[in-house]
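1. turn this into a model:
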Amino acid sequence: TGTMVRFLADDTIFENILTYGNYVDKLIVVDNSLKKNNLLIDRLNEVFESKLIYINNNDNLGIATALNQACDKAIELQFKWILTMDQDSAFINFEHYKKCLESIKEFPKVALLAANTDKEGFSTFDKDNLDCSYRDDKFSVITSANIVNLEYFEEIGRFNDKLFIDMVDYDYCLRINIKKFKILYFPNVFVEHKLGEVHLRTNIFTRKKKYKTEHNAQRAYYISRNSLYLSKNYGKYFSKEFGMLHILNIVFIHDVTKILLYEIDKWNKLKAKFIGLYHFIINRYGKYNLK
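-> Numbers count the residues shown, from 1 in each chain. All right, here's what the predicted structure looks like:
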């Protein structure tokens, strides 16, 4: 199993990598930073030595490009599976996940394995429970802690560079479903994962305070544009989840309401969402900086 890490930011990443780095054959680190993080790379070199493969892009080329680079390298090295990880994700017990991979690796048409990143069942987590029961009812999962079957990578289609970031994982999963491959979700394999920024916010009407997860304006742009892209391209296959009216309701009613009630930087986030809508209409994709 090869593994790939996307972005480099601070020393916490090193601790996260230690939760799985020793259990893979190669550690492929794709650096999408504008400036190389020499301290982190030196520490990784000290621990992993020849196991480490470092790809420095000297720029943010996007999540899809980084994923494709890692998959290409893993295929070149003749690996059949690759673990994809965010910089802010850490395993509770990666050996458990490897055991689950071994239990299903001969199953036909399995394109992707997914671990539990959303804390479902975490309150009753038992570290000695190495249960590898799985579900196959999830049609899309986030990229972090996936194990991708490289045998089907080209047939399913590469990660979509047009999207740059956000919805890249969903786009890949939807194509898995369309081509009748399988996604296996392991609810007892737990991963600590940070999704967005968590802040204590006050409802402007009720004055009640709640912890809320929110994204910055740049992410709001990509979520808006790319959600509409998925709806346009996959809504006919998944009308319940990606029908255009459903997506418009989530992105421009639900999310806008949440921004107005709780979040900071309201004007820039709202403006970003409508720029995303405009770019979807004129078919503009790839990287776009709001500033």
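
2. which other residues reach the helix ranked longest in the chain?
-> Longest helix in the chain, counting residues (DSSP state H): helix 217-234. Under the criterion Cβ atoms under 8 Å, 6 or more residues apart in numbering, residues 162-168, 170-171, 174, 178, 196, 215, 242-244, 246-248, 250-252, 255, 259, 265, 268-269, 271-277, 279-280, 285, 288-290 lie in contact with helix 217-234. C-beta coordinates here come from the backbone N, C-alpha and C atoms, glycine included.

3. give the buried subset of these as a PyMOL selection command.
-> The following PyMOL command selects only the buried members of the contacts of helix 217-234, with burial defined by 16 or more other Cβ atoms under 10 Å:
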select buried, resi 163+164+165+166+167+168+170+171+174+215+242+246+247+251+252+255+259+268+269+272+273+275+276+277+279+280+285
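
4. quick one: buried residues of the longest helix of the chain?
-> Of the residues in helix 217-234, those with enough neighbours to count as buried (16+ other Cβ under 10 Å) are 217-231, 234.

5. ok so, going back, among the contacts of helix 217-234, which are located in strands?
-> Judged by DSSP state E, the subset of the contacts of helix 217-234 located in strands is empty.

6. returning to that earlier point: and the longest helix of the chain, what's its mean pLDDT?
-> Within the predicted structure, the mean pLDDT of helix 217-234 is 97.

7. what comes up buried for the host helix or strand of residue 257?
-> Secondary structure from DSSP states H and E places residue 257 in helix 255-262. For helix 255-262, a neighbour-count test (16+ other Cβ under 10 Å) marks 255, 256, 259, 261, 262 as buried.

8. what is the end-to-end distance of stretch 240-258?
-> Stretch 240-258 has an end-to-end distance of 22 Å (Cα to Cα, to the nearest Å).

9. what are the buried residues along the helix or strand where residue 192 lies?
-> Take DSSP H and E as the rule and residue 192 turns out to sit in strand 182-193. Within strand 182-193, the residues that qualify as buried are 182, 183, 184, 185, 186, 187, 188, 189, 190, 191, 193, counting by 16+ other Cβ under 10 Å.
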